[in-house]
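Student: when you get a sec, could you give me coordinates for this:
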Amino acid sequence: MRQDQVEPDQRRSDRVCAGAGRAASGPVLFDAVLLDRDGTLIEDVPYNGDPEKVRPVPGAREGLDRLRAAGLRLAVVTNQSGLARGLFTETQMRAVHDRIERLLGRFDAWLVCPHDDGAGCGCRKPAPGLVHAAARELGTVPSRCVLVGDIGRDMTAALAAGAAGILVPTPVTRPQEVAAAPQVAADLSAAVAEILRRQAAVDPATYRRADVVRRTGRRRVGTVLVVRADSAGDVLVTGPGIRAVAAGAARVVLLCGPRGRAAAELLPGVDEIIEHRLPWIDPAPDPVEPADMTALTARLAAVGADEAVIFTSFHQSPLPLALLLRLAGVRRVSAVSDDYPGSLLDVRHRVPAGVPEPERALSLAAAAGHALPDHDAPALRLRPTGAPPPEVGAPGYVVLHPGSAAQARGCPPELAARIVHALTAAGHRVVVTGGPDERELTALVAGDVAVDLGGRTGLAGLAATVAGAGAVVVGNTGPAHLAAAHGVPVVSLFAPTVPFGQWGPWRVPTVRLGDAEAPCRDTRAARCPVPGHPCLSGVAPEQVLDALRLLGVSPVSRSTPPVGSPATGVPAVAGGGGSSR
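Tutor: Sure, this is the predicted structure:
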């Protein structure tokens, strides 16, 4: 339900245009900020129909004005079941909203769900209908929106639409909602600061100083060596940063390890691949052999790189390789490093903990002077991968990928088998995927009701299979990022051994399932440290079905249109406090 309380040309935020105040030379992560009303913008007064009871939260006006000055469009997305219950009228609600705008300034759009939980509508959060509607109203898409709210319903709605989410807890916010949120801020002012920080972090203009030369395609550099020596998933999430480098380079050479080679071959912007195991990166490292390091240094010297950008995860050091690059004669080296690098780095970049890995990579590229071109939006992308195996049938099936190179992040086999049976019983066609060493696992999970592709595709074939799916059910492992690259919705069975906001599917509709407060939280364990795998073993197959409905994925087609009308029945899969929501 829209609130057309003033003329369209008066419903703009207090600024001239969408680009006002912004001189961005890099990719724009966000066009718009969506804000929950009660508990986020104003104090939560249950079922309030009285304008005199409106009290903005501290710092709200100043924070909103900062967003407006940065050119971001603003919308309110709010559940108001008091309308359905007859506790206040639409006229009274409009009066409350008029009062909010007098205190906080104009908003570009108001999106209101007037229904109660029992209506089964598609607009009441945690359904993503309001987020889809707000994005349309603001002339953008959900992946370029960030939603700020105070309860789990807000975060679920944001993620299910493919938007970013920032939780600002209040006394009614449940601990499990805080644990499951992609990002948490202490208050609205802190959320605003984080939005603007993330936006600025991927813009080379932020880093203008003597050792950073801005490159936007008007002057191309020669050869740039980029490095990501991790597993396939790590290489995939580095793709946006590598494309940013490629936009201003004549030639890009990627150094990767054997575990990431297949993913490296799928990345646009890479002209040549060097495969070499780095013992300070590998989880099961070989000894450091002088002859091997001498050979690697010679190979790096032969590249003739004008500069190098070393992409790493937050717990890895780039300095051993930076030393070899100096010995190889590379004149300019950039990397993220908390340790003092001495003269090993020309650009020593810092990134706060918990930043999404693709944004971490983009920010390092920006610090080195590289940005995605205007036509290339910040998103995961792959080279064309061809067609999936013919036995998967027409597009629209559900891919279930139960395994992972790290056992702690895989789905327990018995649970995966029960999920397959629940999906097929509900009418979904299911394809079970896995690597060559997972054939026994996929056979067990697929049984006689699903297509078993275990060990029958390489990574490119898996990517093609994922591209034809209506949704992917997967843990925190590579196929989740393949799905994000193809815009395929994800039901994320996410073990909390690492932060969801950092490693979850990026900018794609997602529903997170699993216990975010499990004892394995933030352990970075490769093998489950808790008997029974409790973070995922408690997931019920019915929750997966609910998640697919929330994502608009039906058994009869690839997907249904984005939910957002009272006629769309979408059951809630996440709760939250606040009596008027």
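Student: and the helices in the stretch 451-581 of the chain?
Tutor: Secondary structure of the stretch 451-581 of the chain by DSSP state H, counting those that start in this stretch: the helices cover 459-467, 478-486, 500-503, 534-537, 541-550.
Student: single out the most deeply packed of those helices.
Tutor: Greatest average neighbour count among the helices of the stretch 451-581 of the chain goes to helix 478-486 (a mean of 28), per mean count of other Cβ atoms under 10 Å. (Glycine included, C-beta is placed from N, CA and C.)
Student: and that helix, what does it pack onto?
Tutor: Secondary-structure packing of helix 478-486 (3 or more Cβ pairs under 8 Å, 6 or more residues apart in numbering; DSSP states H and E): helix 232-237, strand 398-401, helix 459-467, strand 471-474, strand 490-493.
Student: helix or strand: which one has the residue sitting furthest away from the middle of the chain?
Tutor: Residue farthest from the centre of the chain, counting by Cα atoms, centre = their mean, is Ala291 at 41.0 Å. Assigning secondary structure by DSSP states H and E places Ala291 in helix 290-303.
Student: now that helix: mean pLDDT?
Tutor: The pLDDT scores in helix 290-303 average 97.
Student: what sits up against it?
Tutor: By Cβ atoms under 8 Å, 6 or more residues apart in numbering, the residues outside helix 290-303 that reach it are 223, 225, 253, 255, 274, 276, 324-325, 327-330.
Student: low-scoring stretches of the chain, by residue?
Tutor: Low-confidence segments of the chain, defined by pLDDT under 70: 1-26, 209-220, 556-581.
Student: quick one on the thing from earlier: same list, the helices and strands packed on helix 478-486, but as CSV with distance to Ala518 please.
Tutor: CSV is the format used below for these (distance: least, Cβ to Cβ, whole Å):
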stretch, distance to Ala518
helix 232-237, 21
strand 398-401, 21
helix 459-467, 27
strand 471-474, 18
strand 490-493, 12
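Student: those: which one's closest to Val392?
Tutor: helix 459-467 (6.0 Å; Cβ to Cβ).
Student: tell me, what residue is most central in the protein?
Tutor: Closest-to-mean residue, the chain, Cα atoms, centre = their mean: Trp506 / 2.3 Å.
Student: just to revisit the earlier point, which of the contacts of helix 290-303 fall in strands?
Tutor: Using DSSP state E, the subset of these located in strands is 223, 225, 253, 255, 274.
Student: pretty sure the first one contacts Val330?
Tutor: No: when contacts are counted by Cβ atoms under 8 Å, Thr223 is not listed as touching Val330 (9.9 Å).
Student: tell me, what's touching those two both at once?
Tutor: 305-306.
Student: which of these two has more neighbours?
Tutor: Higher neighbour count among Thr223 and Val330: Val330, with 22 against 18, using other Cβ atoms under 10 Å.
Student: got the end-to-end distance for stretch 371-390?
Tutor: 39 Å (Cα to Cα, to the nearest Å).
Student: ignore what I typed, I meant stretch 232-245.
Tutor: Terminal residues of stretch 232-245 are spaced 20 Å apart (Cα to Cα).
Student: could you do stretch 335-352 as well?
Tutor: First residue to last in stretch 335-352 (Cα to Cα) measures 14 Å.
Student: same check on stretch 305-325?
Tutor: Termini of stretch 305-325 sit 9 Å apart (Cα to Cα).
Student: sort out which residues of it are buried, please.
Tutor: Applying a neighbour-count criterion of 16 or more other Cβ atoms under 10 Å, one finds 305-314, 316-325 buried in stretch 305-325.
Student: same check, this time on stretch 325-337
Tutor: In terms of neighbour count (16+ other Cβ under 10 Å), stretch 325-337 has its buried residues at 325-326, 328, 330, 332-337.
Student: still on that earlier bit, tell me the contacts of the residue nearest to the centre of the chain?
Tutor: By Cβ under 8 Å, 6+ apart, Trp506 lies in contact with 237, 356-358, 379-380, 481, 484.
Student: one more pass at 6 Å, please.
Tutor: 356, 358, 484 (Cβ atoms under 6 Å, 6 or more residues apart in numbering).
Student: pretty sure Asp346 sits against Arg332.
Tutor: Yes: with contact defined as Cβ atoms under 6 Å, Asp346 reaches Arg332; the gap is 4.9 Å.
Student: residues near Pro287, how many?
Tutor: 6.
Student: from Leu74, how far off is it?
Tutor: From Pro287 over to Leu74 the distance is 56 Å, taken as Cβ to Cβ, to the nearest Å.
Student: do Val146 as well
Tutor: 11 Å.
Student: ok, Glu177 next?
Tutor: 24 Å.
Student: surely Ile166 forms part of a strand?
Tutor: Yes: under DSSP: H, G, I helix; E, B strand; the rest coil, Ile166 falls within a strand.
Student: name the element Val192 belongs to?
Tutor: helix 188-201.
Student: helices or strands up against that helix?
Tutor: With contacts defined as 3 or more Cβ pairs under 6 Å, 6 or more residues apart in numbering; DSSP states H and E, the packing partners of helix 188-201 are helix 60-69.
Student: would you mark the buried spots in the helix it packs on?
Tutor: Quick answer for helix 60-69 (16+ other Cβ under 10 Å): 60, 63-68.
Student: nearest to Arg521, of those residues?
Tutor: Gly63 (29.8 Å).
Student: phi, psi of the residue lying closest to Ala366 once chain neighbours are set aside?
Tutor: The shortest distance from Ala366 to any non-neighbouring residue, by Cβ to Cβ, 6 or more residues apart in numbering, is to Pro204 (4.6 Å). Main-chain dihedrals, Pro204, degrees, to the nearest 10: phi -60, psi -30.
Student: pretty sure Gln407 contacts Arg527?
Tutor: Yes: in this structure, Gln407 is within contact of Arg527 by Cβ under 6 Å, at 4.9 Å.
Student: the more surrounded of those two?
Tutor: Shown here are Gln407 and Arg527; by other Cβ under 10 Å, Gln407 has more neighbours (14 against 10).
Student: how far away is that one from Gly475?
Tutor: In terms of Cβ to Cβ, Gln407 sits 10 Å off from Gly475.
Student: how close does the residue lying closest to Val451 once chain neighbours are set aside sit to Ala464?
Tutor: Take Val451 and drop its neighbours on the chain: the residue closest to it by Cβ to Cβ, 6+ apart is Val431, 4.6 Å away. Shown here: Val431 relative to Ala464, a distance of 12 Å by Cβ to Cβ.
Student: then Ala135?
Tutor: Taking Cβ to Cβ, one finds Ala135 at 29 Å from Ala464.
Student: tell me which of the contacts of Trp506 is nearest to Gly152?
Tutor: Nearest to Gly152 out of those is Pro356 (Cβ to Cβ; 19.6 Å).
Student: give me the number of residues near the closest one?
Tutor: Pro356: 23 neighbours (other Cβ under 10 Å).
Student: the one 10 residues further on too?
Tutor: Counted by other Cβ under 10 Å, the residues lying close to Ala366 total 28.
Student: what does Glu517 give?
Tutor: There are 14 residues near Glu517, going by other Cβ under 10 Å.
Student: now do the same contact list for the closest residue to Phe500 other than its chain neighbours.
Tutor: Closest residue to Phe500 apart from its sequence neighbours, by Cβ to Cβ, 6+ apart: Phe494 at 5.4 Å. Shown in contact with Phe494 (Cβ under 6 Å, 6+ apart): 476, 500, 512, 514.
Student: quick one on the thing from earlier: any chance of the contacts of Trp506 in CSV, with distance to Val544 too?
Tutor: As requested, the contacts of Trp506 are exported to CSV (distance: Cβ to Cβ, whole Å):
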residue, distance to Val544
Pro356, 24
Pro358, 26
Ala484, 18
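Student: which single one of those residues is nearest to Ala246?
Tutor: Checking these one by one against Ala246 (Cβ to Cβ), the nearest turns out to be Pro358, at 15.0 Å.
Student: who's in contact with that closest one?
Tutor: 237, 240, 506.
Student: host element of it?
Tutor: Per DSSP H and E: helix 357-367 holds Pro358.
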